[in-house]
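J.: Give me a model of this one.
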Amino acid sequence: MKKAFIVGVVGLCLFELANVYFIMPMPGSQRMRSVEFAHLLFTWRWWIRGLFGLSLLVGLAPAWRTVGWRRWLVPASLVILAAVGYMANFKMAADQMFRQPTSLVMQSAARNTVPLDRLVVGIEINDDARAYPLRFIGYHHHIRDIVGGQPVLVSYCTVCRTGRVFVPAVDGKLETFRLVGMDHFNAMLEDSTSGTWWRQANGEAIVGDRKGAMLTEIPSVQVTLEQWLTLHPNSQIMQGDTLFESEYAKDYSFERGTSRRKLTGTDTISWRDKSWVVGLTVNGRSKAYDWNQLRRERIIHDTVGGVPIVLVLARDTTSFFAFERPNAESLFSLRGDSLVTSSGVYALTGRGASGQLKPLRASQEFWHSWRTFQPATERYQ
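T.: All right, here's what the predicted structure looks like:
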């Protein structure tokens, strides 16, 4: 009976720690193929807790009747168990560490308080333009909004440097998500209906009843707020929630790539794990472009998935855009922040007197993230 108490306490402690270890950035955890096991543990958590809890209760009285100082190991064990449970479920749980804003405040450029050199994820739907500063969404990881009448899920993972915007609907029905943890250093969201876990990097359901489903991605760009407002002067800009002011990044080190922190720092040497790339996927083919090379050249012409593309960096050396070229012979040059070709001049929105260039989804990511989730990717040399 005393052994039952020990089994209960040790089993519960190990379970609560395992429930966190496999879905948080712990030593070794993010390099394992363990997401299915982690999801199984989480799905059956109350049954597992009940089993070990029953064992604890069965052995509690006999353990307390132990003669001598050893009986005091019983309350000490219970205190340790309570501390482990509290830490695992209220301090180390992803949705407790990174909470959602209590309200989403959007302001016009005239009333905006966000510095213009801050990076934002920008989207435009039905002439409704909105900007979401990385400083805020990097902490929250995901926020909900309605843009141009369309519900959107704006997400950002600082460990992967991935910004994505999705339609928060599955099978035509709006869904609610929470941050559950990460897999291979990418944030995972859990839907409230089925408990399925979804990958932030591409909107794929990776484990659960809806495995294999995909969220619809909405085109977005990552640019400075100043560049965004130049292109969209009537945009609304997300403001920080004062409740989380102490949690938001105080400096520009992450945004500018000067951070050297283990999870979110940047390698300055090209093609290292934490160096930056711009990734494109066209017609099912993926290609990565070295950020250092893009900064040197500012404009790159290439073909991806049989489609001629142009990748361009604005004068601020931070904002980037990708477009489909009209044909393989169309070559562009830069004049300030305008794309110039023989057929005319285009703004960085892709709009020009002779038509509209088709924007392509391009994402700035850490190289380790892009190659993990696009394993067949090519590298532009």
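
J.: Strands of the stretch 101-250 of the chain, residue ranges please.
T.: Listed in chain order, the strands found in the stretch 101-250 of the chain under DSSP state E, counting those that start in this stretch are 105-108, 119-125, 128-133, 142-147, 150-157, 162-166, 169-170, 173-174, 177-183, 186-191, 197-199, 205-207, 221-224, 236-239.

J.: isn't Arg65 right next to Phe5, touching?
T.: No: counting by CB atoms under 8 Å, Arg65 stays clear of Phe5, with 10.9 Å between them. The way it works is simple: take the backbone N, C-alpha and C, and place the C-beta from them, glycine included.

J.: Who has more neighbours out of those two?
T.: With neighbours defined as other CB atoms under 10 Å, Arg65 and Phe5 compare such that Phe5 has more, 24 against 11.

J.: Make sure that one is indeed in a strand.
T.: No: under DSSP: H, G, I helix; E, B strand; the rest coil, Phe5 falls outside any strand and is assigned helix.

J.: Sketch out the low-pLDDT regions of the stretch 1-150 of the chain for me.
T.: Counting by pLDDT under 70, the stretch 1-150 of the chain contains no low-confidence segment.

J.: how about a cut-off of 80?
T.: Applying pLDDT under 80 to the stretch 1-150 of the chain flags residues 1.

J.: ok, back up a step: now the strands of the stretch 101-250 of the chain in JSON lines, please, with extra columns for mean neighbour count and distance to Lys287.
T.: Converted to JSON lines, the strands of the stretch 101-250 of the chain look like this (neighbours: other CB atoms under 10 Å; distance: least, CB to CB, whole Å):
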{"stretch": "strand 105-108", "mean neighbour count": "14", "distance to Lys287": "35"}
{"stretch": "strand 119-125", "mean neighbour count": "24", "distance to Lys287": "22"}
{"stretch": "strand 128-133", "mean neighbour count": "23", "distance to Lys287": "26"}
{"stretch": "strand 142-147", "mean neighbour count": "17", "distance to Lys287": "27"}
{"stretch": "strand 150-157", "mean neighbour count": "22", "distance to Lys287": "21"}
{"stretch": "strand 162-166", "mean neighbour count": "25", "distance to Lys287": "16"}
{"stretch": "strand 169-170", "mean neighbour count": "17", "distance to Lys287": "30"}
{"stretch": "strand 173-174", "mean neighbour count": "10", "distance to Lys287": "34"}
{"stretch": "strand 177-183", "mean neighbour count": "23", "distance to Lys287": "24"}
{"stretch": "strand 186-191", "mean neighbour count": "24", "distance to Lys287": "20"}
{"stretch": "strand 197-199", "mean neighbour count": "27", "distance to Lys287": "20"}
{"stretch": "strand 205-207", "mean neighbour count": "20", "distance to Lys287": "23"}
{"stretch": "strand 221-224", "mean neighbour count": "24", "distance to Lys287": "18"}
{"stretch": "strand 236-239", "mean neighbour count": "22", "distance to Lys287": "31"}
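
J.: Mind putting the ones you listed into TSV with distance to Leu14?
T.: Supplementary listing: the strands of the stretch 101-250 of the chain in TSV, determined by distance: least, CB to CB, whole Å:
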stretch	distance to Leu14
strand 105-108	43
strand 119-125	39
strand 128-133	39
strand 142-147	30
strand 150-157	28
strand 162-166	32
strand 169-170	34
strand 173-174	38
strand 177-183	18
strand 186-191	22
strand 197-199	22
strand 205-207	22
strand 221-224	41
strand 236-239	41
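
J.: Nearest to Pro359, out of those strands?
T.: Nearest to Pro359 among those is strand 221-224 (7.9 Å), distances taken as CB to CB.

J.: just checking, what packs against the closest one?
T.: Judged by 3 or more CB pairs under 8 Å, 6 or more residues apart in numbering; DSSP states H and E, strand 221-224 is in contact with strand 119-125, strand 320-324, strand 362-366.

J.: repeat that with 7 Å
T.: Secondary structure elements in contact with strand 221-224, counted by 3 or more CB pairs under 7 Å, 6 or more residues apart in numbering; DSSP states H and E, are strand 119-125.
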